[in-house]
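**Student:** from the sequence below, what's the structure:
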Amino acid sequence: MQNRNNANVEQLLTKLLGAEKTARLFATLNRPALLAEWESGTVTRAELAQALNMALFDDLLARSENGRRYTDETVAAGGSVYFDHGALRSVRWPHSGALPPGEAAFARILRPLGFSVAGRYPLDRLGMTGRAWAHDDAPDEIAQFFVSELHPERFSAAFQQAVTNVIGASRDPLTPRASGLLWELERDGMLPLEAAHQLLPVLVGAFARQHEMPSEADYDVLLKESAEMAWIATEGNAFNHATDRVADVFQLSDDEKAKGRPMKPDVEHSRSGRVFQTAYRADIVRREFRALDGSVVTRDVPGSFYEFITRKRSFDQDARRWKTDLRFDAGNAQGIFRMTAGQAA
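**Tutor:** Below is the predicted model of the structure:
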């Protein structure tokens, strides 16, 4: 069956987000060509992956005023957003409660959805490792996930104890039912629509904070050594940023600066000279902490942000088609990650 919107993705999102948000997302985001055909009532892994990505993009916009304003202006001008990737942070630490440590908490979700690791990127200046997960069925059109792991063992003993204090009682957002459905999805590559309706909200809920309110004392210990771990303490595994793939990130950067927007001063260049990235600075959000006397205090801290990327293309002689460079760059990533550093108050 063919129509303007993929009916399975549309039904999944309408039940989750409502008709108005769903229509807005379809009007905003690029449409993978793979999803131009579907079978009513049977949801493929690519359809569920796209529905998850669209829901997570919506969640990011709800938390980033700058990203929301940019997206609204782009659509109002007749444009759209090519959702390139979403990024999230995790902690590879054995003391993480019921939540599997680090990337393992998301590999169990991403693999059944059809994603596989496309690249590993050492982020040594940050004490982290990043991995890009690309979709096997449509790597160029279904947004990638850039999943980073922080390594507390590279930091001080006091830092490690603060990490344990913050995430040591984390809950596991995946229910036994959801885990079973993911197993079926990985085996068959599809699920009945009703099962997908049950699974999607659980998957969306995995990209959130799974631990309780952090203490202010622990937060301050973390902030001294790692702005990234301090960010995880307040925001958890929510999207750190979502990224629009644009034709000319240099022109976009100049245009946004001219509007007075809080842009990164310089565009990041990959060592290959083929990937270029910039971003808004993180939106400031208010978060609660537990004080030493047991009371609750609030502080302004960096939240999530919106990024822009330009990827060069090359002509694949064997396939006789243009191919987008979907790689990342460790230097670029570490530069972009600084958008959430140095703004906590």
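
**Student:** could you tell me the end-to-end distance of stretch 269-279?
**Tutor:** Terminal residues of stretch 269-279 lie 13 Å apart, using CA to CA, to the nearest Å.

**Student:** same question but for stretch 106-122, I mixed them up
**Tutor:** Using CA to CA, the two ends of stretch 106-122 sit 18 Å apart.

**Student:** check the offset of that stretch from the chain's centre.
**Tutor:** Stretch 106-122 has its C-alpha centroid displaced from the chain centroid by 13 Å (CA atoms, centre = their mean, to the nearest Å).

**Student:** ok, now stretch 273-284?
**Tutor:** The chain centre lies 14 Å from the centre of stretch 273-284; the measure is CA atoms, centre = their mean.

**Student:** residues in contact with Gly236?
**Tutor:** Taking CB atoms under 8 Å, 6 or more residues apart in numbering, we find Gly236 in contact with Ala208, Arg209, Gln210, His211. To be clear about C-beta, it is placed using only N, CA and C from the backbone, and glycine gets the same treatment.

**Student:** please enumerate the strands of the protein.
**Tutor:** Secondary structure of the chain (DSSP state E): strands at 42-44, 83-91, 115-123, 128-135, 144-150, 190-192, 239-245, 268-269, 275-279, 284-290, 296-302, 305-311, 313-316, 321-324.

**Student:** ok, Glu216 - how many residues close by?
**Tutor:** Using other CB atoms under 10 Å, Glu216 has 17 neighbouring residues.

**Student:** oops, could you answer that again for Ile284 instead?
**Tutor:** Residue neighbour count, defined by other CB under 10 Å, stands at 14 for Ile284.

**Student:** same check, this time on His151
**Tutor:** His151 has 16 nearby residues by other CB under 10 Å.

**Student:** adding mean pLDDT and distance to Glu103, write the strands of the chain out as a markdown table.
**Tutor:** Output for the strands of the chain, formatted as a markdown table (pLDDT from 0 to 100; distance: least, CB to CB, whole Å):
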| stretch | mean pLDDT | distance to Glu103 |
| --- | --- | --- |
| strand 42-44 | 98 | 24 |
| strand 83-91 | 97 | 6 |
| strand 115-123 | 96 | 9 |
| strand 128-135 | 97 | 6 |
| strand 144-150 | 98 | 5 |
| strand 190-192 | 98 | 24 |
| strand 239-245 | 96 | 14 |
| strand 268-269 | 88 | 23 |
| strand 275-279 | 93 | 22 |
| strand 284-290 | 97 | 25 |
| strand 296-302 | 97 | 23 |
| strand 305-311 | 95 | 20 |
| strand 313-316 | 76 | 29 |
| strand 321-324 | 79 | 24 |
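
**Student:** list the buried residues in the lengthiest helix in the chain.
**Tutor:** Among all segments of the chain classified by DSSP state H, the helix with the greatest residue count is helix 45-63. Buried residues in helix 45-63, counted by 16 or more other CB atoms under 10 Å: 45-61, 63.

**Student:** how about stretch 179-189?
**Tutor:** Across stretch 179-189, burial judged by 16+ other CB under 10 Å covers Ser179, Leu181, Leu182, Glu184, Leu185.

**Student:** point out where the protein drops to low pLDDT.
**Tutor:** The model of the chain has pLDDT under 70 over residues 1-3, 315, 332-333, 342-345.

**Student:** which stretches of it form helices?
**Tutor:** 7-17, 19-28, 45-63, 65-76, 104-110, 157-167, 176-188, 193-206, 216-225, 227-235, 249-258, 330-337.

**Student:** can you tell which of those is closest to Gly130?
**Tutor:** Closest of these to Gly130 is helix 330-337, at 5.6 Å (criterion: CB to CB).

**Student:** list the contacts of that closest one.
**Tutor:** 121-123, 125-126, 130, 146, 148, 228, 240-241, 264, 268-271, 275, 277, 279, 307.

**Student:** output that helix as PDB, restricted to C-alpha atoms.
**Tutor:** Presented in PDB, the C-alpha positions along helix 330-337 are these (Å, rounded to 0.1, in the frame of the first residue of the first chain):
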ATOM      1  CA  ALA A 330      36.300  11.800  17.500                       C
ATOM      2  CA  GLY A 331      37.700  15.300  17.400                       C
ATOM      3  CA  ASN A 332      34.400  16.700  16.100                       C
ATOM      4  CA  ALA A 333      32.400  14.800  18.800                       C
ATOM      5  CA  GLN A 334      34.600  16.100  21.700                       C
ATOM      6  CA  GLY A 335      34.200  19.600  20.400                       C
ATOM      7  CA  ILE A 336      30.500  19.300  20.100                       C
ATOM      8  CA  PHE A 337      30.200  17.700  23.600                       C
END
